[in-house]
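Q: Compute the structure for the input listed below.
(one chain, ligands or ions: 1)
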Amino acid sequence: MKNLSEVLARSAQTEGWLSRHAAVLMHFFLSHPPEGERNILEIGVFKGKSAILLAHEAAQRDESLILLDIEIAPPIAAIAQLHPKIEAIEADSFKLPSLAQVQRAAPFRFIHIDGAHGYSHVLDDIKNCAKLLSWRGVICLDDFFQPAWPDVTAAAFDFLAGRDHDLVLFLAGFNKGFLCRSIALQSYCELIEGPLASSMEALGCKSSVKKRTQTNPFCFYGIVPER
Ligand SMILES: C[S@@+](CC[C@H](N)C(=O)[O-])C[C@H]1O[C@@H](n2cnc3c(N)ncnc32)[C@H](O)[C@@H]1O
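A: Next up, the predicted model:
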């Protein structure tokens, strides 16, 4: 699958949870990798709706992709055949820090957290992924600000309120929250205020970027569909 339209079409046909807007937004950050940083991790693969996109991006730059799920379904094994550097690992995400394949590929420049959606699981996943994130990489948290999954949002804000990390939430939209290290914040602000909206529109997902108010200490930008 060399072509992004083909990848998005295949993702759309796959059972799972990922809107076209969310896929295109993820593609935007995946296709702007921080210089010299590599490799991608996904927690929670299900039938591979988002993993298809990640596999395409990993193959483009010959990066490693780790797909971790408590239960590896047959479609995931098929996705792992798309690029020699994809590994599908059947394990509970709490084992992440002790998995040799994960440690070998770390640090990761893009991590998609989409596993268990309960409060303590999400908090643990964010904490573990914060340690596996590259210097200027991105954590993409699924179901952030999604009313059906309040635990995800609560866990993310509780993590952010802690002082034992250097992550900030720089963008929220299309069910995703995006975090980076504070040292990388400026470069993501420039991408968001620069090419983001036109890149979304070029792929049929016209969107509007909202900037935070001065009194909001947490999230820097929001993105919503524009009709
Ligand atoms: C919402 S689905 C993932 C959706 C997928 N990313 C997509 O694009 O359709 C959540 C997945 O997380 C997996 N999961 C649940 N608890 C987990 C855990 N503790 N560790 C690893 N994976 C887990 C489930 O097996 C399920 O496949």
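
Q: Output the below-cut-off pLDDT ranges for the protein.
A: 1-2 (pLDDT under 70).

Q: Could you pull out the helices in it for me?
A: Secondary structure of the chain (DSSP state H): helices at 4-13, 20-30, 49-60, 74-79, 100-105, 119-132, 150-161, 185-191, 197-202.

Q: mind checking which of these is nearest N216?
A: Counting by Cβ to Cβ, N216 lies closest to helix 150-161 out of the helices of the chain; the figure is 11.9 Å. All C-beta spots, glycine's among them, are computed from the backbone N, C-alpha and C.

Q: helices or strands up against that closest one?
A: Here helix 150-161 touches helix 119-132, strand 133-142, strand 167-173, going by 3 or more Cβ pairs under 8 Å, 6 or more residues apart in numbering; DSSP states H and E.

Q: now these as JSON lines including mean neighbour count and distance to the ligand?
A: JSON lines is the format used below for the helices and strands packed on helix 150-161 (neighbours: other Cβ atoms under 10 Å; distance: least, Cβ to the nearest ligand atom, whole Å):
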{"stretch": "helix 119-132", "mean neighbour count": "19", "distance to the ligand": "6"}
{"stretch": "strand 133-142", "mean neighbour count": "23", "distance to the ligand": "7"}
{"stretch": "strand 167-173", "mean neighbour count": "22", "distance to the ligand": "17"}
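
Q: give the contact list for the residue in the chain positioned nearest to the ligand.
A: Taking Cβ to the nearest ligand atom, the ligand has its nearest neighbour within the chain at G16, 2.3 Å off. With contact taken as Cβ atoms under 8 Å, 6 or more residues apart in numbering, G16 is in contact with 46-50.

Q: Could you rerun that using 7 Å?
A: G16 sits next to 46-47, 49 when contact means Cβ atoms under 7 Å, 6 or more residues apart in numbering.

Q: Find the nearest non-adjacent residue to F110, please.
A: Nearest non-adjacent residue to F110, counting by Cβ to Cβ, 6 or more residues apart in numbering: I40, 4.7 Å away.

Q: Hmm, the one you found is touching L54, no?
A: Yes - counting by Cβ atoms under 7 Å, I40 does reach L54; the two are 5.2 Å apart.

Q: who touches both of these two?
A: Jointly contacting I40 and L54 under the rule Cβ under 7 Å, 6+ apart are L65.

Q: Identify the residues contacting A12.
A: Contact analysis of A12 by Cβ under 7 Å, 6+ apart lists R20.

Q: brain fart, F157
A: Residues near F157 by Cβ under 7 Å, 6+ apart: F218.

Q: Quick check: it vs W135, distance?
A: Distance from F157 to W135, counting by Cβ to Cβ, to the nearest Å: 24 Å.

Q: Residue numbers of this structure in contact with the ligand?
A: Counting by Cβ under 6 Å from any ligand atom, the chain comes close to the ligand at 16-18, 43-46, 49-50, 68-71, 92-93, 114-116, 121.

Q: cutoff 8 Å now
A: Residues of the chain lying close to the ligand by Cβ under 8 Å from any ligand atom are 11, 14-18, 42-51, 68-71, 73, 91-94, 112, 114-117, 121, 142-143.

Q: pretty sure L96 is touching N128, no?
A: Yes - under the criterion of Cβ under 7 Å, L96 is in contact with N128, at a separation of 4.6 Å.

Q: and the helices of the chain, which is most packed in?
A: Highest mean neighbour count among these (mean count of other Cβ atoms under 10 Å): helix 49-60, with a mean of 23.

Q: contacting residues around that one?
A: With contact meaning Cβ under 7 Å, 6+ apart, helix 49-60 is reached by 1, 7, 10-11, 14-18, 23, 26-27, 30-31, 40, 42, 45, 64-65, 67, 76, 79, 82-83, 85-86, 112, 114.
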